[in-house]
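S.K.: Kindly generate the corresponding structure for this input.
(2 chains)
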Amino acid sequence: AQKVTQTQTSISVMEKTTVTMDCVYETRDSSYFLFWYKQTASGEIVFLIRQDSYKKENATEGHYSLNFQKPKSSIGLIITATQIEDSAVYFCAMREITGNTGKLIFGLGTTLQVQP
Amino acid sequence: EAAVTQSPRNKVTVTGGNVTLSCRQTNSHNYMYWYRQDTGHGLRLIHYSYGAGNLQIGDVPDGYKATRTTQEDFFLLLELASPSQTSLYFCASSDAGTGCAETLYFGSGTRLTVL
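M.R.: Purely as a prediction, here's the structure:
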(Lines give C-alpha, C1' and ligand atoms only; values in the text may rest on other atoms or scores of the structure.)
Protein backbone atom coordinates (compact mmCIF):
# COMPACT_ATOMS: atom_id res chain seq x y z
CA ALA A 1 0.00 0.00 0.00
CA GLN A 2 1.07 3.57 -0.60
CA LYS A 3 2.33 5.59 2.30
CA VAL A 4 3.96 9.00 2.59
CA THR A 5 5.73 10.07 5.77
CA GLN A 6 6.94 13.52 6.75
CA THR A 7 8.72 13.24 10.07
CA GLN A 8 9.35 16.93 10.63
CA THR A 9 6.28 18.52 12.16
CA SER A 10 7.69 22.05 12.07
CA ILE A 11 10.86 23.89 11.12
CA SER A 12 11.97 27.43 11.87
CA VAL A 13 14.70 29.15 9.85
CA MET A 14 16.10 32.61 9.36
CA GLU A 15 15.28 34.51 6.23
CA LYS A 16 17.66 34.05 3.26
CA THR A 17 18.92 30.68 4.47
CA THR A 18 18.41 27.24 2.91
CA VAL A 19 16.00 24.71 4.35
CA THR A 20 15.43 21.03 3.58
CA MET A 21 12.20 19.22 4.33
CA ASP A 22 12.20 15.44 4.46
CA CYS A 23 9.77 12.97 2.97
CA VAL A 24 9.94 9.19 2.67
CA TYR A 25 7.45 7.04 0.86
CA GLU A 26 6.42 3.43 0.52
CA THR A 27 5.27 1.83 -2.69
CA ARG A 28 5.40 -1.51 -4.44
CA ASP A 29 5.21 0.21 -7.79
CA SER A 30 8.37 0.69 -9.83
CA SER A 31 7.03 3.87 -11.42
CA TYR A 32 5.43 6.76 -9.61
CA PHE A 33 5.18 10.53 -9.38
CA LEU A 34 6.25 12.53 -6.34
CA PHE A 35 4.98 16.02 -5.60
CA TRP A 36 5.37 18.85 -3.17
CA TYR A 37 2.50 21.22 -2.42
CA LYS A 38 2.34 24.33 -0.29
CA GLN A 39 -0.61 25.46 1.81
CA THR A 40 -0.56 29.15 2.65
CA ALA A 41 -2.03 30.81 5.71
CA SER A 42 -5.17 31.57 3.71
CA GLY A 43 -5.68 27.84 3.17
CA GLU A 44 -4.87 27.85 -0.51
CA ILE A 45 -3.02 24.73 -1.70
CA VAL A 46 -0.67 25.18 -4.64
CA PHE A 47 1.60 22.85 -6.58
CA LEU A 48 5.32 23.50 -6.23
CA ILE A 49 7.38 20.81 -7.93
CA ARG A 50 7.25 17.24 -9.19
CA GLN A 51 9.69 14.36 -9.62
CA ASP A 52 9.06 11.43 -11.96
CA SER A 53 10.54 8.24 -10.51
CA TYR A 54 12.13 7.20 -13.80
CA LYS A 55 14.13 10.43 -14.06
CA LYS A 56 17.54 10.48 -12.41
CA GLU A 57 17.95 14.25 -12.48
CA ASN A 58 16.61 16.14 -9.51
CA ALA A 59 13.78 18.48 -10.44
CA THR A 60 14.21 22.21 -9.93
CA GLU A 61 11.69 25.05 -10.11
CA GLY A 62 12.78 28.55 -9.19
CA HIS A 63 14.15 28.47 -5.65
CA TYR A 64 12.71 25.00 -5.09
CA SER A 65 14.67 21.85 -5.82
CA LEU A 66 14.40 18.20 -4.91
CA ASN A 67 16.83 15.68 -3.49
CA PHE A 68 15.55 12.42 -4.93
CA GLN A 69 17.18 9.31 -3.47
CA LYS A 70 15.29 6.40 -4.98
CA PRO A 71 17.15 3.61 -3.12
CA LYS A 72 16.14 5.27 0.14
CA SER A 73 12.58 6.06 -1.05
CA SER A 74 13.27 9.64 -0.13
CA ILE A 75 12.28 12.93 -1.77
CA GLY A 76 13.49 15.99 0.09
CA LEU A 77 12.37 19.53 -0.76
CA ILE A 78 15.10 22.18 -0.69
CA ILE A 79 14.21 25.86 -0.56
CA THR A 80 17.11 28.22 -1.09
CA ALA A 81 17.21 31.89 -0.12
CA THR A 82 14.07 31.55 1.96
CA GLN A 83 11.69 34.49 2.20
CA ILE A 84 9.11 35.41 4.80
CA GLU A 85 6.37 34.47 2.35
CA ASP A 86 7.70 30.91 2.21
CA SER A 87 6.16 30.43 5.66
CA ALA A 88 3.51 27.80 5.07
CA VAL A 89 2.68 24.12 5.43
CA TYR A 90 4.42 21.89 2.91
CA PHE A 91 2.96 18.58 1.83
CA CYS A 92 4.69 15.71 0.09
CA ALA A 93 2.51 13.48 -2.10
CA MET A 94 2.80 10.40 -4.29
CA ARG A 95 0.88 8.79 -7.15
CA GLU A 96 1.65 5.33 -8.39
CA ILE A 97 1.64 4.88 -12.16
CA THR A 98 1.00 1.15 -12.55
CA GLY A 99 -2.70 0.47 -12.56
CA ASN A 100 -3.23 4.14 -13.33
CA THR A 101 -5.68 4.59 -10.49
CA GLY A 102 -5.03 8.29 -10.23
CA LYS A 103 -4.96 7.97 -6.46
CA LEU A 104 -2.79 10.64 -4.85
CA ILE A 105 -1.70 10.24 -1.24
CA PHE A 106 -0.35 13.02 0.98
CA GLY A 107 1.93 13.15 4.00
CA LEU A 108 0.87 14.99 7.15
CA GLY A 109 2.79 18.12 6.26
CA THR A 110 5.67 20.18 7.65
CA THR A 111 5.08 23.70 8.92
CA LEU A 112 7.83 26.10 7.90
CA GLN A 113 8.32 29.37 9.73
CA VAL A 114 10.74 31.82 8.17
CA GLN A 115 11.95 34.42 10.66
CA PRO A 116 13.14 37.92 9.67
CA GLU B 1 -4.55 28.15 -15.19
CA ALA B 2 -6.89 25.39 -14.11
CA ALA B 3 -9.88 26.56 -12.13
CA VAL B 4 -11.63 24.55 -9.46
CA THR B 5 -14.58 26.14 -7.73
CA GLN B 6 -16.15 24.82 -4.56
CA SER B 7 -19.41 25.81 -2.98
CA PRO B 8 -20.41 26.71 -0.40
CA ARG B 9 -17.31 28.19 1.28
CA ASN B 10 -18.80 27.60 4.70
CA LYS B 11 -21.61 25.36 5.87
CA VAL B 12 -23.12 24.71 9.27
CA THR B 13 -25.54 21.86 9.81
CA VAL B 14 -26.86 19.76 12.65
CA THR B 15 -26.26 16.13 13.46
CA GLY B 16 -28.33 13.98 11.12
CA GLY B 17 -28.58 16.73 8.56
CA ASN B 18 -28.21 16.30 4.82
CA VAL B 19 -25.34 18.18 3.16
CA THR B 20 -24.10 18.42 -0.41
CA LEU B 21 -20.76 19.96 -1.26
CA SER B 22 -20.26 20.99 -4.86
CA CYS B 23 -17.18 21.19 -7.03
CA ARG B 24 -16.78 22.34 -10.61
CA GLN B 25 -13.63 22.38 -12.71
CA THR B 26 -13.37 24.14 -16.02
CA ASN B 27 -10.32 22.53 -17.60
CA SER B 28 -11.83 19.23 -18.72
CA HIS B 29 -9.59 17.26 -16.39
CA ASN B 30 -10.41 13.58 -16.20
CA TYR B 31 -9.77 13.07 -12.50
CA MET B 32 -11.52 14.80 -9.64
CA TYR B 33 -10.96 14.25 -5.92
CA TRP B 34 -12.48 14.99 -2.55
CA TYR B 35 -10.15 15.33 0.44
CA ARG B 36 -10.76 16.25 4.02
CA GLN B 37 -8.17 18.08 6.08
CA ASP B 38 -7.99 17.76 9.84
CA THR B 39 -5.30 18.77 12.29
CA GLY B 40 -2.92 15.90 12.82
CA HIS B 41 -4.24 13.94 9.85
CA GLY B 42 -3.18 16.01 6.86
CA LEU B 43 -5.15 15.55 3.66
CA ARG B 44 -7.11 12.33 3.49
CA LEU B 45 -8.74 11.05 0.33
CA ILE B 46 -12.47 10.43 0.60
CA HIS B 47 -13.56 9.61 -2.97
CA TYR B 48 -12.31 10.27 -6.46
CA SER B 49 -13.44 9.81 -10.03
CA TYR B 50 -11.86 9.48 -13.45
CA GLY B 51 -14.87 10.57 -15.44
CA ALA B 52 -18.59 11.18 -15.54
CA GLY B 53 -20.47 8.35 -13.86
CA ASN B 54 -17.32 6.86 -12.34
CA LEU B 55 -16.59 6.69 -8.62
CA GLN B 56 -13.54 5.33 -6.82
CA ILE B 57 -13.31 4.79 -3.09
CA GLY B 58 -10.59 6.60 -1.23
CA ASP B 59 -9.09 5.97 2.17
CA VAL B 60 -11.78 7.45 4.44
CA PRO B 61 -15.09 6.87 2.59
CA ASP B 62 -17.35 5.95 5.52
CA GLY B 63 -20.30 8.30 5.86
CA TYR B 64 -19.77 9.88 2.46
CA LYS B 65 -21.24 9.39 -0.96
CA ALA B 66 -20.07 11.08 -4.11
CA THR B 67 -21.36 11.51 -7.59
CA ARG B 68 -19.70 12.72 -10.79
CA THR B 69 -22.53 13.95 -12.96
CA THR B 70 -20.45 15.46 -15.75
CA GLN B 71 -16.80 15.90 -16.65
CA GLU B 72 -16.93 19.22 -14.79
CA ASP B 73 -19.02 18.48 -11.70
CA PHE B 74 -18.27 16.33 -8.67
CA PHE B 75 -20.46 16.31 -5.58
CA LEU B 76 -19.85 15.06 -2.06
CA LEU B 77 -22.91 13.98 -0.12
CA LEU B 78 -23.29 13.58 3.62
CA GLU B 79 -26.73 12.08 4.14
CA LEU B 80 -26.62 11.79 7.93
CA ALA B 81 -23.99 14.27 9.03
CA SER B 82 -22.14 13.62 12.27
CA PRO B 83 -19.86 15.89 14.36
CA SER B 84 -16.88 13.74 13.33
CA GLN B 85 -17.38 15.06 9.81
CA THR B 86 -16.64 18.61 10.90
CA SER B 87 -13.66 19.39 8.72
CA LEU B 88 -12.19 21.41 5.90
CA TYR B 89 -13.02 19.78 2.58
CA PHE B 90 -11.01 20.26 -0.58
CA CYS B 91 -11.88 19.34 -4.11
CA ALA B 92 -9.14 18.90 -6.70
CA SER B 93 -8.76 17.94 -10.32
CA SER B 94 -5.98 16.64 -12.56
CA ASP B 95 -5.25 14.98 -15.84
CA ALA B 96 -3.77 11.94 -14.12
CA GLY B 97 -2.69 9.25 -16.51
CA THR B 98 -1.65 11.52 -19.31
CA GLY B 99 1.93 11.67 -18.07
CA CYS B 100 2.06 15.34 -18.86
CA ALA B 101 -0.43 17.03 -16.60
CA GLU B 102 -0.35 15.12 -13.36
CA THR B 103 -0.54 18.21 -11.21
CA LEU B 104 -3.48 18.52 -8.87
CA TYR B 105 -5.34 21.82 -8.87
CA PHE B 106 -7.21 22.54 -5.67
CA GLY B 107 -10.33 24.48 -4.91
CA SER B 108 -10.43 26.99 -2.06
CA GLY B 109 -12.04 24.58 0.36
CA THR B 110 -15.38 24.25 2.16
CA ARG B 111 -15.43 24.49 5.91
CA LEU B 112 -18.17 22.24 7.27
CA THR B 113 -19.33 22.35 10.86
CA VAL B 114 -21.70 19.72 12.18
CA LEU B 115 -23.28 20.70 15.48
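S.K.: neighbours of B:L112, just the number please.
M.R.: 21 (other CB atoms under 10 Å in any protein chain shown). In this view, the C-beta of every residue, glycine as well, is placed from N, C-alpha and C.
S.K.: Quick check: bridge partners of it?
M.R.: Beta-bridge pairing for B:L112 (DSSP bridges): B:K11, B:S87.
S.K.: got the residues of chain B near chain A?
M.R.: Contact residues (CB under 8 Å from any CB of the partner chain) of chain B with chain A: B:30-31, B:33, B:35, B:40-45, B:48, B:50, B:56, B:58-59, B:88, B:90, B:92, B:94, B:96-97, B:102-106, B:108-109.
S.K.: are any of these buried, and which?
M.R.: Neighbour counting over the residues of chain B next to chain A (16 or more other CB atoms under 10 Å in any protein chain shown) leaves B:30-31, B:33, B:35, B:42-45, B:48, B:50, B:56, B:58, B:90, B:92, B:94, B:96-97, B:102-106, B:109 as the buried ones.
S.K.: Among these, which ones are in strands?
M.R.: Assigned to strands by DSSP state E, the following of those qualify: B:31, B:33, B:35, B:42-45, B:48, B:56, B:90, B:92, B:94, B:105-106.
S.K.: out of those residues, which one sits closest to B:G63?
M.R.: B:R44 (12.6 Å; CB to CB).
S.K.: give me every residue that touches the closest one.
M.R.: B:R44 makes contacts with A:F106, B:Y35, B:R36, B:Q37, B:D38, B:G58, B:D59, B:V60, as judged by CB atoms under 8 Å, 6 or more residues apart in numbering or on different chains.
S.K.: do A:T17 as well
M.R.: A:A81, A:T82.
S.K.: quick one: it from chain B, how far?
M.R.: As judged by CB to the nearest CB, to the nearest Å, A:T17 and chain B stand 26 Å apart.
S.K.: quick one: that residue is in a helix?
M.R.: No - going by DSSP: H, G, I helix; E, B strand; the rest coil, the assignment for A:T17 is coil, not a helix.
S.K.: Please consider this matter closed, and thank you.
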